[in-house]
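**Q** Coordinates only, no sequence provided:
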């Protein structure tokens, strides 16, 4: 079914287009392959905002040198449980792709291990970083820092990134359980979209530029700031993400990050932490059976999906049928070639 | 200043009383020392609900055999980053006290390590578990599972515990930053107190026994259930806590835990996970300076305290002046002797 405004594309067509665009915009072949996968996987699983639409950001940062399309990340191994990587100002997904197997091996050797990435960028959901780890039978938790968009609880200055966290866990006979979320109440993009329609936003989602609570999406976008979910609780979690993903890795805190406002500032130096645990060691045999018992109880108590499983339903459909892409968006992405 | 209804007690008087009560209620000397510290520290730092008031729960569970006052936790060391402990049905604080130094040593050896506790109980905040680790210069994250009190987002059955999480980080020239929080929107005790006064509770804090949202504290207590903070986001975090603190350790999920409803059920078998990271290894020298830079930015953006610091202010006052204790509560605790 094809509409005037949209076109149905196969996943491999999306991947092919994305790869060409990355290659045409400073990326090494290796980087282009990984980022093309990311775009394709986001179109496949959602959110689409991190798929072709996010190529505006990728291409912008690659063209103006904010990020390094030819990054050559270098790892140090200071102790058996730590892989410490300087991302060479490339995208984290590339770093993670390169070191996932080593991280899995380290966790199997020590029971728990961490990949600590500094001097790097992340656009996109964390789901794709963790899913391969859980597919290998391990449990993973990750957090990442971005530029400052969010204030703290009762705050009046931009301090935190949207500071996403993610969790992944293997599951018997099925794709792993994976969820990811930002620590903001609403996403920047949701508020941006609301502001184009002059719609109200949810309470406790944003403040105006003076730090006053607002329901006015336009005021929120006009120098305003996002708010963390759950007031002081979400604020404390974002606080932890900053210290774990930026502080501990040697990355830059969100408040130090002004890349988008200053295109000449080439060193974004963000950070990400992935912690991986081997259930065969910590729990012993039978962990996935226990996960099944828990998931059964969850589904019995909740007429909802297991967290993150919405994406799996979307995935099946996208693999079979491809996905709907806005023709205007497609034209823009093609113009990056 | 002494009032009719309250009495001012020195911290060491509280500790001494608590120790005597634990000794008189099946505890070994070693266990009594640790639990008396917990009670004293909760009275010192707050919340007071976890101090003398919580001795109702401790004494109840010790007397009816739900928990083991003479527990002898046994550790296994399956890999260098994992200390795996069977709590012998004792309280986690005792287990943690016993293995904190080993956990710190393991994290220094491998860069990251975990203490995975199963077959154990936890009453009280996680702050005191993590503060000694951060005082040793390490970063820590913990989660613990309890009995089912909370439903999932849009759920209609008790599934999760209040599933607290905690974070601790060293700080230059000052006590560490430590925060802990439950993943429920309001605490069970807040709703219980509201119900005695027939007061409304906050929106999205609880559902009635049918799973319908309610502002009625009495309906919430009458077979109702707590709700996680931040709707599906808090629900997903509680979901992770169950899998990390119970699933991964070999503990019992909250939904499997019916200790309080069934006093004859002696095997509570809960779980707790503590993850410890060594910033000297992951970050390298200078981590606490980076923490200071972040805290400066935090305080500049927020006319609030650093998360968890409210407790430190309370602490100074309590060390100097002691704390106010309700005379009726004191009488009850003394009656446990």
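**A** All right, it came through fine. Quantities reported herein were computed from a predicted structural model and do not represent experimental measurements.

**Q** Could you use CA atoms for every contact and neighbour count after this?
**A** OK.

**Q** Return the nearest residue of the stretch 51-200 of chain A with respect to chain B.
**A** residue A:155 (4.1 Å; Cα to the nearest Cα).

**Q** nearest residue to residue A:232 other than its sequence neighbours?
**A** Once flanking residues are discounted, residue A:232 sits nearest to residue A:153: 5.3 Å by Cα to Cα, 6 or more residues apart in numbering or on different chains.

**Q** Could you give the number of residues near the one you found?
**A** Look at residue A:153: counted by other Cα atoms under 10 Å in any protein chain shown, it has 22 neighbours.

**Q** Looking at it now. What's its pLDDT?
**A** pLDDT for residue A:153: 93.

**Q** I'd say it and residue A:235 touch.
**A** Yes: here residue A:153 reaches residue A:235: they are 5.6 Å apart, a contact under Cα atoms under 8 Å.

**Q** how near is the residue of the stretch 51-200 of chain A closest to chain B to residue B:92?
**A** For residue A:155, the distance to residue B:92 equals 36 Å [Cα to Cα, to the nearest Å].

**Q** Looking at these two, which is more packed in?
**A** Per other Cα under 10 Å, whichever of residue A:155 and residue B:92 has more neighbours is residue B:92, with 27 against 23.

**Q** Make sure that one is actually in contact with residue B:121.
**A** Yes: with contacts counted by Cα under 8 Å, residue B:92 reaches residue B:121, the gap being 5.5 Å.

**Q** one step back: report the set of residues contacting both of residue A:153 and residue A:235.
**A** By the contact definition Cα atoms under 8 Å, 6 or more residues apart in numbering or on different chains, residue A:153 and residue A:235 are jointly contacted by residue A:228.

**Q** Enumerate the residues of the stretch 201-337 of chain A near chain B.
**A** Counting by Cα under 8 Å from any Cα of the partner chain, the positions of the stretch 201-337 of chain A adjacent to chain B are A:229-230, A:233, A:236, A:240, A:243, A:247-250, A:253, A:255, A:279, A:281-283, A:287, A:290-291, A:294, A:297-298, A:300-304, A:307.

**Q** Let's see that with 6 Å instead.
**A** By Cα under 6 Å from any Cα of the partner chain, the part of the stretch 201-337 of chain A that sits against chain B consists of A:229, A:230, A:236, A:248, A:249, A:250, A:279, A:283, A:301, A:302, A:307.

**Q** For the fourth one, give its distance to residue A:7.
**A** According to Cα to Cα, residue A:248 stands 45 Å off from residue A:7.

**Q** Show me how far the helix or strand in which residue A:128 is found is from its chain's centre.
**A** Using DSSP states H and E, residue A:128 sits in helix A:127-135. Offset of helix A:127-135 from its chain centre (Cα atoms, centre = their mean, to the nearest Å): 12 Å.

**Q** And for it, what's in contact with it?
**A** Helix A:127-135 is contacted by residues A:168, A:169, A:170, A:176, A:180 when judged by Cα atoms under 6 Å, 6 or more residues apart in numbering or on different chains.

**Q** Which of the residues of the stretch 201-337 of chain A next to chain B fall in helices?
**A** Among those, the members falling in helices (DSSP state H) are A:236, A:279, A:301.

**Q** Can you report how many residues lie near the last one?
**A** By the criterion of other Cα under 10 Å, residue A:301 has 20 neighbours.

**Q** and it, what is it in contact with?
**A** Residue A:301 makes contacts with B:155, B:156, B:157, as judged by Cα under 6 Å, 6+ apart.

**Q** which SS class is the residue nearest the centre of chain A?
**A** The centre of chain A sits closest to residue A:125, judged by Cα atoms, centre = their mean, with a distance of 2.4 Å. Here residue A:125 is recorded as coil under DSSP: H, G, I helix; E, B strand; the rest coil.

**Q** Any stretches of chain A with poor pLDDT?
**A** Along chain A, segments meeting pLDDT under 70 span A:1-3, A:258-268.

**Q** All the strands of it, in order from the start?
**A** A:6-9, A:74-79, A:82-91, A:112-121, A:139-144, A:165-169, A:177-181, A:206-207, A:225-226, A:270-277, A:323-326 (DSSP state E).

**Q** Kindly report the residues of the stretch 51-200 of chain A close to chain B.
**A** Close to chain B, as judged by Cα under 6 Å from any Cα, the stretch 51-200 of chain A has residues A:79, A:80, A:81, A:82, A:110, A:111, A:112, A:155, A:156, A:157.

**Q** about what we covered before: for residue B:46, see how far away the residue nearest to residue A:232 is.
**A** Distance from residue A:153 to residue B:46, counting by Cα to Cα: 21 Å.

**Q** now residue A:135
**A** When Cα to Cα is the yardstick, residue A:135 and residue B:46 sit 42 Å from each other.

**Q** What of residue A:222?
**A** Shown here: residue A:222 relative to residue B:46, a distance of 40 Å by Cα to Cα.

**Q** And for residue A:121?
**A** Taking Cα to Cα, one finds residue A:121 at 40 Å from residue B:46.

**Q** Please apply the same query to residue A:140.
**A** From residue A:140 to residue B:46 the distance is 33 Å (Cα to Cα).

**Q** if you count what's nearby, which of these two comes out ahead?
**A** Ranked by neighbour count (other Cα under 10 Å), residue A:140 and residue B:46 place residue A:140 first, with 26 against 19.

**Q** Identify the residue spatially nearest to the more buried one, adjacent ones excluded.
**A** residue A:276 (4.5 Å).

**Q** Pretty sure that neighbour sits against residue A:137.
**A** No: using Cα atoms under 6 Å, residue A:276 is not in contact with residue A:137, being 10.3 Å away.

**Q** And those two? Which one has more around it.
**A** More crowded of residue A:276 and residue A:137, by other Cα under 10 Å: residue A:276, with 27 against 22.

**Q** Tell me who's in contact with the more buried one.
**A** By Cα under 6 Å, 6+ apart, the contact list for residue A:276 reads A:112, A:113, A:139, A:140.
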